[in-house]
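Colleague: Structure for the following, please:
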Amino acid sequence: MGKASVDRGWKGQANLLGELRNLIGRMWEANPTWGSPKIVAEFAMPGTDIAKSTVEKYRPKRAGPLSPTWRTFLDQHVRNLVSIDFFIVPTATSRVLFVFIVLAHDRRRIVHFNVTEHPTAQWTAQQIVEAFPFDSAPRYLIRDGDGIYGERVTQRIESLGIDEVVTVRASPWQNAYLERLIGTLRRELFDHVIVLNERHLKRLMSSYLEYYHPWRTHQSLDRDAPDGRPVRAGKPCNIVEFPAVHGLHHIYLPKAA
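Modeller: Predicted coordinates:
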């Protein structure tokens, strides 16, 4: 091989490395809520393997380990397990809105959500029914001991043939998947927007779920999305980005041939 061929080879590798660096930079700038594993997963979608150390020098640490007994329960029943919980979102007018979430553990799918300013047991019981239509109820449901889950809610859950699993007081780690999801919603959405009212909050949640289910990768799903995201082969220099969630996040896909 002549010197000119060697030079062209090195220049090609340098150009490719430059494209990788540029794309990593674009991802960081366009998606400030993402961590290095998320960017690694995005590279894997078009078939490019890249080390996390190339993207970042650290990875997020877990808050604490689950107990062996509880982990065994979650592992054995993950396909028949959902969690429910509320979290609050303040508005621009100092109102406090309550978001009710139902999470299916197996694929981390948000099967139902709704928003209210005044949650009641009757309203919550109705959300349970709406979450599981047409005999789609799971085997187990994890919830905390909040007083909102009164007799009316318990009766509705039992009528659907679901067994309740009530977490121990002051033990949010027992509902770790949903607690993690709520943290994700805050970090990736609500920490970056000002909610105007209930209708605005619902639109934001719906927009995020349109991105979350088909596109957002999860380490627990082997870097896949809840709906399943096929790998599309492509070179880093041919990757294009599409805005999602009003530009707060982006989707990266290879250019069409």
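Colleague: where does the stretch 151-257 of the chain have low pLDDT?
Modeller: Along the stretch 151-257 of the chain, segments meeting pLDDT under 70 span 234, 236, 257.
Colleague: Helices along that one, start to end?
Modeller: 151-159, 176-188, 198-215 (DSSP state H, counting those that start in this stretch).
Colleague: can you tell which of those helices is closest to Ser53?
Modeller: Across the helices of the stretch 151-257 of the chain, Ser53 has its closest neighbour in helix 176-188 (22.7 Å, Cβ to Cβ). (Each C-beta comes from the backbone N, C-alpha and C, glycine too.)
Colleague: you'd agree Gly47 is in a strand?
Modeller: No: under the criterion used here (DSSP: H, G, I helix; E, B strand; the rest coil), Gly47 is coil, not part of a strand.
Colleague: Which residue lies closest in space to it, excluding its sequence neighbours?
Modeller: Once flanking residues are discounted, Gly47 sits nearest to Ala233: 4.3 Å by Cβ to Cβ, 6 or more residues apart in numbering.
Colleague: mind checking how far that neighbour is from Val55?
Modeller: Per Cβ to Cβ, to the nearest Å, Ala233 is found 20 Å from Val55.
Colleague: out of those two, which sits in the more crowded spot?
Modeller: Val55 (21 against 9; other Cβ atoms under 10 Å).
Colleague: residues contacting that one?
Modeller: Ile24, Ser36, Ile39, Val40 (Cβ atoms under 8 Å, 6 or more residues apart in numbering).
Colleague: Wait, the second one touches Lys52, no?
Modeller: Yes: applying Cβ atoms under 8 Å as the test, Ser36 and Lys52 come out as touching, 4.9 Å apart.
Colleague: Compare neighbour counts for the two and give me the winner.
Modeller: Neighbours were counted for Ser36 and for Lys52 using other Cβ under 10 Å; Ser36 has more, 20 against 14.
Colleague: now the contacts of Val55 as a markdown table including pLDDT, distance to Ile142 and secondary structure?
Modeller: Listed next are the contacts of Val55 as a markdown table, based on pLDDT from 0 to 100; distance: Cβ to Cβ, whole Å; DSSP: H, G, I helix; E, B strand; the rest coil:
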| residue | pLDDT | distance to Ile142 | secondary structure |
| --- | --- | --- | --- |
| Ile24 | 81 | 38 | helix |
| Ser36 | 81 | 30 | helix |
| Ile39 | 85 | 31 | helix |
| Val40 | 87 | 30 | helix |
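Colleague: Could you identify the buried members of these?
Modeller: Ile24, Ser36, Ile39, Val40 (16 or more other Cβ atoms under 10 Å).
Colleague: Identify the spatial nearest neighbour of Met205, chain neighbours not counted.
Modeller: Phe113 (5.8 Å).
Colleague: Tell me the secondary structure at the one you found.
Modeller: Phe113 ends up strand, using three-state DSSP.
Colleague: Quick check: the gap between it and Ile239.
Modeller: For Phe113, the distance to Ile239 - Cβ to Cβ - is 32 Å.
Colleague: of the two, who's got more company?
Modeller: More neighbours surround Ile239 than the other of Phe113 and Ile239, with 22 against 19 (other Cβ under 10 Å).
Colleague: now what about stretch 190-204, what contacts it?
Modeller: In contact with stretch 190-204 (Cβ under 8 Å, 6+ apart) are residues 32-33, 89-93, 95, 97, 99, 115-117, 189, 245, 248.
Colleague: mind redoing it with 6 Å?
Modeller: Contacts to stretch 190-204, defined as Cβ atoms under 6 Å, 6 or more residues apart in numbering, come from residues Val89, Thr91, Ala92, Leu97, Val115, Leu248.
Colleague: Show me just the buried residues among the residues you listed.
Modeller: Here, 16+ other Cβ under 10 Å leaves Val89, Thr91, Leu97, Val115, Leu248 buried among these.
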